[in-house]
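K.L.:
the following block contains a protein sequence and its predicted model.
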Amino acid sequence: MAGEWRTATVMELQREGTLLVEDGNHGEYRPRSDEFVESGVAFIRAADMNGGRVLFSSAAKINERARARITKGIGAPGDVLLSHKGTVGKVALVPDDAPTFVCSPQTTFWRTCDERRLDRKYLYAFLRSTAFHAQLATRAGETDMAPYVSLTSQRGLCVTLPPLTEQLAIAHILGTLDDKIDLNRRMNETLEAMARALFKSWFVDFDPVRAKAEGRDPGLPKPLADLFPARLVDSELGEIPEEWCYMPLGEFVDLTRGTTYSGSLKDHPGPVLLGLASIARNGGFREDKLSTYGGSSSANLLLGPGELFASLKDVTQSADLLGAVARVPAHVKQGRLTQDTVKLAFKSATTSSHILYHTLLTPTYREYCRSHGTGTTNLGLSRDDFLAYPVVKPSAAIQCTFDAAMEKIEARACSVAEESRTLAALRDALLPKLISGELRVKDMERFAEAAPP
């Protein structure tokens, strides 16, 4: 490593005014249960950090009374957040347009106080490096409790500091990859929103049918518009397009319940475990907490790309996972059910899995699950209640048309996701080499000038 590079402890950097590291309030100053509100100041826990981002929209919120009592851990745009308790080692960069937030006792902000010595985006890169996480690992087991790296321990950690021009160059290279990955993420969110909007228009609001019934142009190509009926009729569940019907979910699928397993190893080759951790809140596949299973499994417990599975329980009391459904993505070649999940096995090859999947993502279905959940410690949804949920059944021609549209959207989303995985692998390979100085950046001044302020 070049002699111009230096290594300093967090404490040394704080003393010289380069860095500030601070966690959220503990004890009497932390928010009380009655101070959490629907809208207020974001209270950031480890669960609110994912993929380098801070999930402000889904984070818990506290009222102004709690915020006024809090004296430390008050975050700011540009901070780098680190989870240090329970889940140790999550890192996220706070964007410049971040709302007001405070750190929980589980999270610490690392704040650059002098950008002439320490670039914040370089700091974000360093905190994601294997060198930094090796330091965290040695401190996380210092207590007999859950993994925990105290603020005192964090101040004893070391930070590698290249000259500023190299910091900017490293941050620019890694940031360019991060930006493209983030752009792809937002593109896939747009594609997902398009799919949900199309489903809602056709099968919840019945927009094309209403337009034809009122003599308006449905805004669709004529061959497609001709597939929709021209009037709505009454049913037990409200108006529905003529010749369509509602049928219970059980008419379309059987359930295969998962079983317990003896253990799992994240680095062991084998099927991905399809448990509660692999289902996002209110439905959808969750990528960030996947582990693989090395034991043997019967064929009926294994799922392939495109197959659906669901949770009939929720251990969090929030009911966000109760009845939540997910689809195995294309890059997961094989998954295994756990004792917490069930497979939706289709009774007919002609049944539209896309219509069923989007039906089980709707707010109406989510409310149905919450209202039918039972239990005190753990919430549960009975098999009968799950299979009784009404699903709209349109004509076969409309099902085929909708499936074709969804397959095009999903193919595009899969392509974008695969590009992101390739970029992430490149970034993760470059990061330790750049941070260690093993790989030096040529034309550093040029990169530094190109880096945004």
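P.N.:
Looks like it came in fine.

K.L.:
name the residues that touch stretch 232-240?
P.N.:
Under the contact criterion CB atoms under 8 Å, 6 or more residues apart in numbering, stretch 232-240 has outside partners 206, 209-210, 213, 241-242, 245-246, 390, 392. Bear in mind the C-beta positions are built from the backbone N, C-alpha and C, glycine included.

K.L.:
quick one: low-confidence parts of the stretch 201-350 of the chain?
P.N.:
Within the stretch 201-350 of the chain, the segments meeting pLDDT under 70 span 263-268, 316-318.

K.L.:
sorry, back to before: for the contacts of stretch 232-240, which single residue is the most surrounded?
P.N.:
Pro241 (25 neighbours; other CB atoms under 10 Å).

K.L.:
so who does it touch?
P.N.:
Taking CB under 8 Å, 6+ apart as the criterion, Pro241 is in contact with 206, 209, 228-229, 231-233, 394.

K.L.:
okay, and which of these map to helices?
P.N.:
Counting by DSSP state H, the contacts of Pro241 place Val209 in helices.

K.L.:
buried subset of the contacts of Pro241?
P.N.:
By neighbour count, with 16 or more other CB atoms under 10 Å, the contacts of Pro241 hold 206, 209, 228-229, 232, 394 as buried.

K.L.:
can you put those in TSV and add distance to Leu19?
P.N.:
Formatted as TSV, those follow (distance: CB to CB, whole Å):
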residue	distance to Leu19
Phe206	58
Val209	61
Phe228	62
Pro229	66
Leu232	64
Pro394	60
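
K.L.:
and those residues, which two are furthest apart?
P.N.:
Leu232 and Pro394 (12.9 Å; CB to CB).

K.L.:
OK, contacts around the residue nearest to Val37 when sequence neighbours are not counted?
P.N.:
Ranked by CB to CB, 6 or more residues apart in numbering and with sequence neighbours excluded, the top spatial neighbour of Val37 is Asn63, at 4.9 Å. By CB under 8 Å, 6+ apart, the contact set of Asn63 is 35-37, 40-41.

K.L.:
sorry, back to before: relative to Gly295, which of the contacts of Pro241 is nearest.
P.N.:
Pro394 (42.3 Å).

K.L.:
how close does the closest one sit to Gly250?
P.N.:
Separation of Pro394 from Gly250 (CB to CB, to the nearest Å) stands at 19 Å.

K.L.:
Ser352 now?
P.N.:
Taken as CB to CB, the span from Ser352 to Gly250 is 16 Å.

K.L.:
ok, Tyr148 next?
P.N.:
47 Å.

K.L.:
only alpha carbons, please: show the helix or strand in which Gln135 is found as CSV.
P.N.:
Counting by DSSP states H and E, the element that carries Gln135 is helix 130-140. The C-alpha coordinates for helix 130-140 follow below in CSV (Å, rounded to 0.1, in the frame of the first residue of the first chain):
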residue,chain,number,x,y,z
THR,A,130,-14.6,-6.9,3.8
ALA,A,131,-11.8,-5.2,5.8
PHE,A,132,-14.3,-3.2,7.8
HIS,A,133,-16.7,-6.2,8.3
ALA,A,134,-13.8,-8.3,9.5
GLN,A,135,-13.3,-5.7,12.2
LEU,A,136,-17.0,-5.7,13.1
ALA,A,137,-17.0,-9.5,13.4
THR,A,138,-14.2,-9.5,16.0
ARG,A,139,-16.3,-7.0,18.1
ALA,A,140,-19.8,-8.4,17.6
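
K.L.:
show me what the helix or strand following that helix is packed against.
P.N.:
Next in sequence after helix 130-140, counting helices and strands by DSSP H and E, comes helix 151-154. Helix 151-154 sits against strand 19-23, strand 80-85, with contacts defined as 3 or more CB pairs under 8 Å, 6 or more residues apart in numbering; DSSP states H and E.

K.L.:
name the next helix or strand downstream of helix 151-154, please.
P.N.:
Per DSSP H and E, the helix or strand that comes after helix 151-154 is strand 158-161.

K.L.:
quickly run through the sheet partners of that next one, with directions.
P.N.:
According to DSSP bridges, strand 158-161 forms sheet pairs with strand 6-9 (antiparallel).

K.L.:
after the strand it pairs with, which helix or strand is next? Please name it.
P.N.:
The helix or strand immediately downstream of strand 6-9 is helix 10-15, counting by DSSP H and E.

K.L.:
which of the residues in that next one are buried?
P.N.:
Buried residues in helix 10-15 (16+ other CB under 10 Å): 10, 13-14.

K.L.:
picking that back up, which one of Ser352 and Gly250 has more residues nearby?
P.N.:
Comparing Ser352 with Gly250 by other CB under 10 Å, the one with more neighbours is Ser352, at 22 against 16.

K.L.:
quick one: the more buried one from Glu239, how far?
P.N.:
Remark: distance between Ser352 and Glu239 (CB to CB) = 21 Å.

K.L.:
cool, Cys113 as well?
P.N.:
From Cys113 to Glu239 the distance is 62 Å (CB to CB).

K.L.:
returning to what we had before: hey, which of the helices and strands packed on helix 151-154 is tucked in deepest?
P.N.:
strand 80-85 (a mean of 25; mean count of other CB atoms under 10 Å).

K.L.:
now it: mean pLDDT?
P.N.:
Mean pLDDT, strand 80-85: 96.

K.L.:
how about the contacts of stretch 232-240 in TSV, adding distance to Arg117?
P.N.:
Below are those laid out as TSV (distance: CB to CB, whole Å):
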residue	distance to Arg117
Phe206	62
Val209	65
Arg210	63
Ala213	69
Pro241	66
Glu242	72
Cys245	69
Tyr246	65
Pro390	63
Val392	61
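
K.L.:
and those residues, which two are furthest apart?
P.N.:
Longest span within those, CB to CB: Ala213 and Pro390, 21.9 Å.

K.L.:
look up phi and psi at the nearest residue to Leu55 once chain neighbours are set aside.
P.N.:
Once flanking residues are discounted, Leu55 sits nearest to Asp48: 4.8 Å by CB to CB, 6+ apart. Recorded main-chain torsions at Asp48 are phi -90, psi 10, according to degrees, to the nearest 10.
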